[in-house]
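*Asks:* Any chance you can model this:
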Amino acid sequence: MSDCKQAENLAPSAWVLRFLHLIPAGGGVLDLACGKGRHTRLLADRGHPVTAADIDVSGLADRRSDPRIRILDIDLETGEQLFTGEQFAAVIISNYLHRPHFAWLADTLLPGGVLLMDTFARGNEAYGHPRNPDFLLAPGELLSVFSTRLQIVAYEHGLQRLPKPAVRQRICAMNTPTCAALSAS
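*Replies:* Numbering: from 1, shown residues only. Predicted structure coming up:
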């Protein structure tokens, strides 16, 4: 893989970057299905303790000794309820969908905690993988799942043209009864 392509794969999601200011300073973060660790690295480098969980965490081998990162090499789709009794200031999910997690995600957020999710939606079949409807969100699905338990700060569903075309659905939702600050300033 070229250095340019590798750097692109490690670039944080623009959606996550947009809402970083909502994560309480020093608050613990769960990077669910962390992949190569692009968000784990970003948040740990900003002083957050991060729990990075995925079935393949080899992309974080260089950070195994980082005391800010807890790396969990686990199958996220065993049917077990993960992270029972644990709570985080933020949960980050990017390019991953396993609907059974929806049942417990809100419970993992501390008061004031933020859920940032950015993944593929129906219509993506025309642009590449995933194409299987089991791995594509229906229009409005994230809104319908999380609006009953969390305050929706922002939601998007549509065609993203860069870095490559894909149909995406994104949500930023908070475990708070009050309004969230929409910008860092």
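
*Asks:* the longest strand in this structure is where?
*Replies:* Under DSSP state E, the strand in the chain containing the largest number of residues is strand 109-120.

*Asks:* Strand partners (parallel or antiparallel) of that strand?
*Replies:* When sheet partners are counted by DSSP bridges, strand 109-120 sits next to strand 88-94 (parallel), strand 166-174 (antiparallel).

*Asks:* Any chance of a markdown table for these, columns mean neighbour count?
*Replies:* (Each C-beta comes from the backbone N, C-alpha and C, glycine too.) Supplementary listing: these in a markdown table, determined by neighbours: other C-beta atoms under 10 Å:
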| stretch | mean neighbour count |
| --- | --- |
| strand 88-94 | 25 |
| strand 166-174 | 23 |
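
*Asks:* TSV please, covering these and showing distance to D45 and mean pLDDT.
*Replies:* Output for the strands paired with strand 109-120, formatted as TSV (distance: least, C-beta to C-beta, whole Å; pLDDT from 0 to 100):
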stretch	distance to D45	mean pLDDT
strand 88-94	14	98
strand 166-174	21	96
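
*Asks:* circling back to that earlier point, what packs against the helix or strand following the longest strand of the chain?
*Replies:* Toward the C-terminus, strand 109-120 is succeeded by helix 141-146 as the next helix or strand (DSSP states H and E). Packing contacts for helix 141-146, counted by 3 or more C-beta pairs under 8 Å, 6 or more residues apart in numbering; DSSP states H and E, involve helix 102-105, strand 151-160, strand 166-174.

*Asks:* okay if I get the ones you listed as JSON lines plus distance to R131?
*Replies:* Listed next are the helices and strands packed on helix 141-146 as JSON lines, based on distance: least, C-beta to C-beta, whole Å:
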{"stretch": "helix 102-105", "distance to R131": "21"}
{"stretch": "strand 151-160", "distance to R131": "16"}
{"stretch": "strand 166-174", "distance to R131": "11"}
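
*Asks:* can you put the strands paired with strand 109-120 in a markdown table and add distance to D56?
*Replies:* Shown next, in a markdown table, are the strands paired with strand 109-120 (distance: least, C-beta to C-beta, whole Å):
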| stretch | distance to D56 |
| --- | --- |
| strand 88-94 | 15 |
| strand 166-174 | 22 |
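
*Asks:* quick one: which of these is nearest R68?
*Replies:* Of all those, the one in closest proximity to R68, counting by C-beta to C-beta, is strand 88-94 (13.5 Å).

*Asks:* count of residues packed around L105?
*Replies:* Neighbour count of L105, defined by other C-beta atoms under 10 Å: 21.

*Asks:* Kindly report the same for the one 3 residues further on.
*Replies:* As a burial measure, the neighbour count of T108 was computed by other C-beta under 10 Å and equals 21.

*Asks:* List the contacts of it.
*Replies:* By C-beta atoms under 8 Å, 6 or more residues apart in numbering, T108 lies in contact with L30, F83, E86, Q87, F88, V91.

*Asks:* Okay then, goodbye and thanks.
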